[in-house]
Every structure is written in C-alpha cells, then in structure tokens.
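1. Next comes the sequence, and after it the predicted model I'd like to discuss.
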Amino acid sequence: MRWRPTALAIAMGLSFSGAALAQSTVGSIFGQAPTASGETVVVSNTSGFSREVPVDSTGRYRVDHLPVGTYTVTLKQNGTVVSTHDNAYVSSGGAAGVDFASASTNATQLSSVTVTANALPSIDVTNVNSSTVITAADLKRLPVAHSAEAIALLSPNTTSGSGFFTGTSGQSLVSFGGSSVSENSYYVNGYNVGEPYKNLGGFQLPYGAIEQQETLTGGYDAKYGRSDGGVINQVGKRGTNDWHFGGQVSWQPRSFEGTPTNYRYGNPSIPASSSLVNYAPAPNAPGSLRQYRNDNKEWQTIYSAYVGGPLIKDKLYLFLAGETTKTQGTNVETIDNGKVQDFHDKETKFYGKLDWNITDSNVLELTALRNNTSLGAGSTYDFDYDTLQKGAFSSKNDVTKDNAQFYIGHFTSYITDAATLSITAGKAHFQDPVEYGNTSPLPFISRGTNATLPDGSHPTNAQTNTSWTSPGAKNSTRGLRVDFDYKLGDHDLLAGIDNMYYRAIDQGPNQQNPFNPAVNYYWRYLAGGEVQKREIGWATSMTMSQKAYYLQDNWQVASNVYLSIGLRNDRFTNYNDLSKAFVDEKNQWEPRIGASWDVFGDSSFKVYGNAGRYYLALPNNAAERAANRSTYLTTNYSYTSIDPVTGIPQGLTQLGPTTSPDGETGAPKDPLQVAARNLKPEYLDEFIVGFDKKLGDHWVYGAKAMWRELKAAIDDECSPSQIATKMTSMGLDPSLYSNSLYGASYCRLFNPGRTNNMLVVSDDGSKSVLVPMTLKDWGFDRGAVRKYGSLNLYLEHPFDGKWYGRVDYTFTRGFGNTEGQVRSDFGQEDISKTEDWDSWQLMDGQYGEFANVRKHQIRFRGSYEISPEWLVSGTLLVQSGMPRECLGYFGPLTQGPGGYLPGGANDPTGYNNSGTGNYHWCNGQRVTPGSNGHTPWTELVNFGVHYRPAFADHKLGFNLDVFNALNQQRALQTDPSFPNSFNRLNNTIYVNTNYQQPLFTTPPRTVRFSVTYDY
C-alpha cells in the first residue's frame, strides 16, 4: 500500500479529535452543498453499506449512524451524479466534514490529487466532547508499543499509573484526569471488555485488527456512563468487497536492549536519638547493591495474520485476525530474596467478525474475541550476589493464566430517514487459574520483625506460596443496550437502556494447599520465642448488576449554535456470596449539557463547553472481605524446637485464645451492617471549555480547560471504637452490641465526609439502632477531596501528502486526600477498601498532591514521507515528576510514653505488622504528599523508519522502531517507607536504606524490527 492515498483519511481522523461516544462504533458525515432542488447525498463504503439522504433547504446535510471506516460521498441532483469525494474517514462518535459548496458537473475527485480545497476538513461543530482517535493507518506509522494503554498515552490528560498495577497482559495501566487506574472503561465493538473483577485494565484486539482506537478523556453525553476516569474504545476491522490478507513478524531482540540500571541502597539521614526512640541504619550498607538488574533483559517475537473479504458480495463479509506474542527473559530478584527466574510469557489473541447487510435498511454484526494469556512459565534458581551468577535449581515458576472469550452482536435498523434502532448484546467468560510450580505439601513459613533464632538463622522451608488461588476461579459478564434515535426538525432525540451483569466465582486467596488439603494455614515466627498460626482465606463468589436508562436531545438551536442536553439514570446493585444485596444505589441522576458555537458559520472556528456528572459503580471485588464470608484467625504458641527441614515449630503450648484481628471468623456477614445504610456511590462533576480554529490552509490550533471535582467517594472504615463512643453519647451501652461492632462487620463501607448511618445490632438480636456518624465522630478533619484542573494547548498540521505533526502542552494541578479506589504509594488494589479512612490517624497529613498528576506534560507525534517508499515518524512524551511521599510511625517524637506501643513505635491502628509504618509522619514530622519533593522529569523519545519498496507494489514493508531512544532510565516512583523495622528489645527504629530509592524506573531502550505484507 502506498502512503499517499491515506492522506485525507488521516487528516479527517486526527485533525479535530473531539467527538467521543464511549461505547460507540458509529459516526457521521456532514457538510454543505449548493442550494438546488432535487439534491441528495449518498455515502457508501466497500462493505456494501450505502445510505442516501436529502439536502435541506439551506444546503446542509448530515448522515448519522455510519459504521467506522472510509466512505465515498456523492452529491446527486435529480438522480444525476454532480460531484464525488473519496476517502472520507468516519471515526467512532465523530463526524467528518465533506463540503460540495463549489461543486460542478465535472468536479475533480479528491482521490486523484494530494489535497485540494479540503486540505483541512471542516470542524465538527456538533461535537462537544473530548477524545483522540488513532486509526489503523496511524498505528502503521507511529512508533507505539502494542497495547491499548500505550496508544492512550498519546492523548492529553493521561499519565501512566503506578508500576504496582498491571492489566490482563501484564501491561501498565493509565490514569485519566487524575483518577485512579481502576476508574476507566474498556470497549471493543461496543461491548464492555474491562477486567471484570477489579476493573484493572481490559482485553484488547490483536494490534493488526484495530481499525481505530478512541481515547476519551472526558465530556461524553448521557448515552454512556460508569466511568469517572477515561474510556478506551477500540473498533475492529471488517471485511470488504475485495479479498485482502496479510501478516507481520516483529522481533525485539535482547541484544539491542539497553542495560537495565541496578538498584542500590541509599543513605537516608539518621535523626538524633530521643528519650523515647533510638534510630539506627538498617543492616544494608549505603550504596551497596540491592537488586542486580543488568541481566534483566528480554526478547520478544510477535506473529500476526489477517484475512478479510466477501462471502457474498454486497451482502455478507468476513474478517479474521490472529496474533501470538512470545516473550522470554530473566528476572534477578533483590538481594534479600536471592533468586533469579528464567521466564517465558505467551499471549494469543483471535478476532473474528461477520457483517451481514440483511437489507439496505438492516445490518447485523457478529464479533468473537478470544484472549489467552500465560505469564511466568519457567524456573527459579538461587542467585549468588557475591559472584552475580545463577546457582542451583530452586523450583518451577507459578504460571498465571487469563483466558477470556467474548461474543458480541450488534443489530442496526434504519427504520426511516428519521428513525434508527440499535441493539447491542454480548456475553463473556473469563478463567484465571494459576498453575503452581512449587508442589510442596508444607505450610508456608514467615517471620516477623526481629524473629531471628539464637544462632542468627531464620526458620524456613521449601514452600514459597503464601496463599493459593482456587482452580475453579472464573468470571462472566452479559450485557444489553438498546438505543432509539429519532430526528424531529432541529432536534435529534435519543432514548435507550444500558444494562450489564457480572458474576464472580471462587475469587480471592485461600490458605488451603492444593497439594495437601489438610494444610489451610501458615506459621509466622515472632520475636521473643513465639510463633503464630494464621488461618486466612476469603475465596468467595459474588454478583452485581448495573442498569441505566437515558434521554438525550441534540438540538440545532440556530444555524451556528448547537446544544446537547441529556439526562442519565444509573442503578448499581452488589450482591454478596449468599446472593443478598449489600449495596443498592438507585436513582443516580446524571445531567449532561454541552454547547457548541460555530463562530463564523463556516465550520472553521468552534467554541464549545460541557458540564456533566459521572457516577462510578463498585466492582465485584468490593464484596471480598467487606461483605462476604472471610477468615482471618490467629493463635499464638510457645515452642521448644523447630524442625530443621520443614521449619514447623515443635513442642507447642497455646498462649491465649484464637482471635481474629478484624472479626473474620468465617461467619456470614449481615448485608445491612457491612455498609452505611445511606451509602452513596462515587461520583464527580466535570466542566470543560475550549475552542478549535483553522489557521490558514494547513494548520489548526486550540485550547481546552478542564475541571474535575470528586463529590463522593466510597472506602471502608475500621474504627468500631469511634462508633462505640458515639453510641455512648446517644445513651446506649456499646458492650451490648460488641458482636456487631467488633465481629464480622468490623470494617464497613462508607462515604468519607458525609454523615453515615451505621446499623448495629444487639448481641441477643433483639434490637438494632442506626448510629449517625459525622465527620467529627470519626475524628477526621475533612471529608474526601479530589480536585483536578488542566489546561491543554495544541497546534496541529494535518497530513498533506507529505507530513503530519501535532504538539500538545498540558498544565495540570491535582490535590486532595483521596486518590480513588486504589492507593499507588504502596500498591494497594483492594478496590474501595484501602487503608485510607480506616482511622483518622492514617488520614492525618494525607492532604496533598496526587500520584497520578504530572504538573507539566509535552507531547508530540508526527510523520514525514520522504518519498513514496520511505517514511520516518516519532513521538515524544516529556513529563514532570511524581510527588514523593514519606510514610512512618504516627505522631511527634516528644509525645508521652502512653501514646506509644511498648518499645516505642507509635501505631494507633495496629497496622505496622511489617514494622515499617503507614502514617504520613516521618521522624516526628507530618509529611504531606508532594512536600517531600518529586521524582525527576522524564523525556521519552521514540522514532520509526519505514520502507515500502516500489518493486513489491508497496505491499511489502520493513520497519524499525526504537523506544526510549535516549535510553533514559529515571525513577518513576520511589520507596516511601522511612522506617525499616522496630526492635522492641533495644527500643530502636531502623531507618530504611531503600527510602526514596527507585521502585520503578522508565524501561531501557528497546528496538523492534518488523516485516509486513498486505495484499
């Protein structure tokens, strides 16, 4: 394929990225024609699709509900062709402008010239949304990694999430507009393909099957919801009236990869000793090697192929695509672990699509998508940090699998020129088993801080797994949406329903060893000659439903003024393992309004704005531990000896009764007690204003300002003593309600900052009471706050047959005390059940900057066609750093001894099991996020060189892509833990020598070679 014929398609697809209908797979074509009688416009594509609409009395026309792709647009007068424009590209939710204002009976077709009067397509002045559309042609040109998230990062108001969180294929996730990485939606051909349990990431098309990806960063209308972050919407390719086939082989060699930087221990300053606590460095010499990473390289090979064409010309079409990615590499662990893995991953994707033009007015699309992932297969060996060499075989690796299948049907009926009915239905099945490489029947052996034996050794055995995944773990989804569109004069009226259902089976960890079912516990050695038996498990099942309906009016108020007015109503219901609802949020009203002003009336300058409310549902994971049966039992023993082989303590004497730190005894939880009775869902309000303007015949520029404010959040609190104090003030005796307060519902879902009505039941079950807990009752000084503002400026040169370029500068500010459903600083992905809000002490000092906000961002993407055979391209992403944090023990050091645990480390919530401390206090000082500085700026440069020789009719391609060409490896996130451990025997806090050292860095330079063939 030559580059030149795609020029106008790229210009129309990219120049004015704005329209965004989250799950949309259709778009529009609009324009102006000379005013004359008997005029019609026909739009048609190579998949047998054709629609004809009249031109109105003002010379305007618009054709909606067009499947994504490239169209021929023809102007007719009394049935005679007057003019034809080729290569009009329709993007999902967008509108392509095609004008016939200068048409004549012998008009020249655009396909025969580079760019004529339509060098810049008209701005879609009926678009009030915010998105970026990247087409299949762009993906062939731009040096972009093969993931939906890498494509999404080309859009303003996006950042890569913390390295702690990964998606279904192990890829990094994306934050949109300051929201957490679990607050996004993923769609393929109109169906939700998000990871169904925690909503971390989503499933994606084979790279070569992507017709386009729309990345929505805000401002969508009432048809769509269930996201207060962003949306990644992929539309797959379809067959045409011509058979096409092709394939690609890509190779990313290990030898061309930059050498990963090693991680070393730092030299944090040691505070002066106080009368309460002594400080000492942790037993790791500053500057010594913490993790040898020079050998942590990998190679990757990708094989892909496709075929598409007509089964029945003009009637029935087929498109099939497959892709297999094989990755092999090495991972040397830290010096504390002393292990190295040789691993190989494999991911296979399949995509199939049938398009059936039943009649000229009825179209049926069927999609099948399969994604099978296997991560981590291989072996683990000992690693000698003195010689930096691999040692003896240790065990086979655990293999994590994720298998997903989707089946999607989409029916469209063009009932009349004014009425269109669209129905999308789908179902999906997910299996995520783990194949365990270590088959040891022994229980896991752990040790607490300072649990060292008299001879200096640590008890251990051959078991490496702390918990197990049920072999029957799986998820499923099903969905239905119906949309009806009716045009009435200047009004485009829409109404519809949007329903999704989720089921999770045997999700979560358990302690039962599949190789020895009698072992459902592990041993943890403590200081002072004690050992603790821990029985932990909450593998369980749950379901949820999400239902919505909406009304929308897109109103052409005047020839140059357009309004989009909508109202959406969502209902979210989460059920526990006994199929009882514990959250049922009804009547979540979401108003959306947008306006667009065509300033000069010629679609060359648009000023727009919108405002909307967006609700977010709780995923199934919210029920795990919070609402479902769960077990966390601990029993302490003294012991006389330790088996040297199994590590199991001998000569046990029980010390006290078996207890549960959070009241998790395996008993069912009362669904009325696990969440505030007046719980509200998470939601935010968003406001956007901006403009797009042509600059001469070759440029376009614009600006957009966004403001987002979180209005309600959901998390869990774990402060039953605060509820008890309020009950006492109400004249109630909390001791009569101890089972309810401190039992199975120890931690409860609530809305931070609102008055939460908490239900507690008396121990004899005879009575219950609603306890209204205010912000003051919990001890918090403020409620949930997340505010985000941004200003984006851009300048773009649409592809003119020679080159394309776009540059964005984005200034952002984000501040508050609630990142969202997860915590990035130490990688907690318990959705809406983070350590935030568990107690007021954990929130003291948390108000500050957010991990997902980069104050300054510069983006560039572009390509230059040197000749019909040669093309070069590049991308650039420059970002300021992430706010650093400091986590430690609570409170000032001058505090009285009564405020400290025995030995000196202050931990009012009892969370310092690891000894590190999770409070926003360091060395007796309150340290808010961002006040401790930021990680370095990063400048990531990617470039590509592409050669399509004329001797192969430009169907054969050779490509070279280089990622992080400067081999810049800078810290993306650093360790926030100031203390490493606390020794109660000598009253000493050991300072973490990994404090502020890198947890994650930018990946080293990689080089990708590929050969493609497209027939």
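-> Cool, the structure landed. Numbering: from 1, shown residues only.
2. And whichever helix or strand residue 505 is part of, what does it pack against?
-> Element membership for residue 505 (DSSP states H and E) is strand 491-507. For strand 491-507, the helices and strands in contact under the criterion 3 or more C-beta pairs under 8 Å, 6 or more residues apart in numbering; DSSP states H and E are strand 474-488, strand 540-558. Every C-beta, even on glycine, is put in place using the N, C-alpha and C of the backbone.
3. Rounded mean pLDDT for it, please.
-> With pLDDT averaged residue by residue, strand 491-507 scores 96.
4. tell me which residues of it are tucked away?
-> 492-496, 498-507 (16 or more other C-beta atoms under 10 Å).
5. re earlier: tell me which of the helices and strands packed on strand 491-507 approaches residue 158 most closely.
-> Between residue 158 and the helices and strands packed on strand 491-507, the tightest spacing by C-beta to C-beta is seen for strand 540-558, at 24.7 Å.
6. That closest one pairs with which strands, and in what direction?
-> The strands beside strand 540-558 in its sheet (DSSP bridges) come out as strand 491-507 (antiparallel), strand 561-575 (antiparallel).
7. Using TSV, please lay out those strands together with distance to residue 991.
-> Shown next, in TSV, are those (distance: least, C-beta to C-beta, whole Å):
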stretch	distance to residue 991
strand 491-507	39
strand 561-575	43
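8. Which of these sits closest to residue 221?
-> Closest to residue 221 of those is strand 561-575 (C-beta to C-beta; 5.0 Å).
9. quick one on the thing from earlier: so what's the gap between the strand holding residue 505 and the chain middle?
-> From the chain centre to the centre of strand 491-507 is a distance of 19 Å (C-alpha atoms, centre = their mean, to the nearest Å).
10. Skip ahead from it and say which helix or strand is next.
-> Proceeding N to C from strand 491-507, the next assigned helix or strand is strand 509-510, under DSSP H and E.
11. which strands and helices sit next to that following strand?
-> On a contact count with 3+ C-beta pairs under 8 Å, 6+ apart, strand 509-510 meets strand 468-469, strand 530-537.
12. Kindly reformat the ones you listed as a markdown table containing mean neighbour count and distance to residue 52.
-> As requested, the helices and strands packed on strand 509-510 are arranged in a markdown table below (neighbours: other C-beta atoms under 10 Å; distance: least, C-beta to C-beta, whole Å):
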| stretch | mean neighbour count | distance to residue 52 |
| --- | --- | --- |
| strand 468-469 | 21 | 56 |
| strand 530-537 | 20 | 64 |
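13. wait, which of the strands paired with strand 540-558 is closest to residue 193?
-> Closest approach to residue 193 among the strands paired with strand 540-558 (C-beta to C-beta): strand 491-507, 11.4 Å.
14. Check which residues of whichever strand or helix holds residue 796 are buried.
-> According to DSSP H and E, residue 796 maps onto strand 786-797. Of the residues in strand 786-797, those buried by neighbour count under the rule 16+ other C-beta under 10 Å are 786, 788, 789, 790, 792, 794, 796, 797.
15. same check, this time on stretch 70-87
-> Buried residues in stretch 70-87, counted by 16+ other C-beta under 10 Å: 70-77, 82-87.
16. Now render the helices and strands packed on strand 491-507 as CSV, adding distance to residue 156 and mean neighbour count.
-> Listed next are the helices and strands packed on strand 491-507 as CSV, based on distance: least, C-beta to C-beta, whole Å; neighbours: other C-beta atoms under 10 Å:
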stretch, distance to residue 156, mean neighbour count
strand 474-488, 29, 18
strand 540-558, 25, 19
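17. Which helix or strand lies directly C-terminal to the lowest-mean-pLDDT helix or strand in the chain?
-> One helix or strand of the chain scores below all others by mean pLDDT, DSSP states H and E: helix 7-14, with a mean of 33. Going down the chain from helix 7-14, the next helix or strand is strand 26-32, by DSSP H and E.
18. got the contact list for that following strand?
-> Strand 26-32 has contacts (C-beta atoms under 8 Å, 6 or more residues apart in numbering) with 19, 41, 43, 59-68, 71, 73, 88, 90-101, 122, 124, 126, 412, 422.
19. Just the CA coordinates for that strand, please, in PDB.
-> Taking C-alpha atoms only, strand 26-32 is exported to PDB below (Å, rounded to 0.1, in the frame of the first residue of the first chain):
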ATOM      1  CA  VAL A  26     -20.500   4.600  14.500                       C
ATOM      2  CA  GLY A  27     -20.100   8.200  13.400                       C
ATOM      3  CA  SER A  28     -21.400  10.800  11.000                       C
ATOM      4  CA  ILE A  29     -20.700  12.700   7.800                       C
ATOM      5  CA  PHE A  30     -22.000  16.200   7.400                       C
ATOM      6  CA  GLY A  31     -21.500  19.100   5.100                       C
ATOM      7  CA  GLN A  32     -22.800  21.800   2.800                       C
END
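20. export the strand holding residue 505 as CSV, just CAs?
-> In CSV, the C-alpha atoms belonging to strand 491-507 read as follows (Å, rounded to 0.1, in the frame of the first residue of the first chain):
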residue,chain,number,x,y,z
HIS,A,491,-34.0,18.0,17.3
ASP,A,492,-32.2,14.7,17.3
LEU,A,493,-33.9,12.8,20.1
LEU,A,494,-32.4,9.7,21.6
ALA,A,495,-33.5,7.3,24.3
GLY,A,496,-32.3,3.9,25.5
ILE,A,497,-31.3,1.4,28.1
ASP,A,498,-27.8,0.2,29.1
ASN,A,499,-27.5,-2.9,31.3
MET,A,500,-24.6,-5.0,32.4
TYR,A,501,-24.4,-8.1,34.7
TYR,A,502,-21.3,-9.6,36.4
ARG,A,503,-20.7,-12.9,38.2
ALA,A,504,-17.5,-13.9,40.0
ILE,A,505,-16.8,-17.4,41.3
ASP,A,506,-14.2,-18.5,43.8
GLN,A,507,-12.3,-15.2,43.7
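21. strand partners of the helix or strand hosting residue 412, parallel vs antiparallel please.
-> Assigned by DSSP H and E, residue 412 falls within strand 399-414. In the sheet, strand 399-414 lines up against strand 362-384 (antiparallel), strand 419-431 (antiparallel), strand 434-435 (antiparallel) (DSSP bridges).
22. could you say what helices and strands the helix or strand following the last one packs with?
-> Downstream of strand 434-435, the next assigned helix or strand under DSSP H and E is strand 445-447. Helices and strands touching strand 445-447, by 3+ C-beta pairs under 8 Å, 6+ apart, are strand 522-526.
23. Looking only at residue counts, what's the top helix in this structure?
-> Looking across the chain with DSSP state H, the single longest helix is helix 720-729.
24. For that helix, buried residues please.
-> Using 16+ other C-beta under 10 Å as the test for burial, helix 720-729 gives 720, 722, 723, 724, 726, 727.
25. and it, C-alpha only, in PDB?
-> Taking C-alpha atoms only, helix 720-729 is exported to PDB below (Å, rounded to 0.1, in the frame of the first residue of the first chain):
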ATOM      1  CA  PRO A 720     -15.600   0.400  65.700                       C
ATOM      2  CA  SER A 721     -14.400   2.200  68.800                       C
ATOM      3  CA  GLN A 722     -15.500   5.500  67.300                       C
ATOM      4  CA  ILE A 723     -19.000   4.100  66.700                       C
ATOM      5  CA  ALA A 724     -19.000   2.900  70.300                       C
ATOM      6  CA  THR A 725     -18.100   6.300  71.500                       C
ATOM      7  CA  LYS A 726     -21.000   7.800  69.600                       C
ATOM      8  CA  MET A 727     -23.300   5.200  70.900                       C
ATOM      9  CA  THR A 728     -22.300   6.100  74.500                       C
ATOM     10  CA  SER A 729     -23.200   9.800  73.700                       C
END
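26. This completes my enquiry, with thanks.
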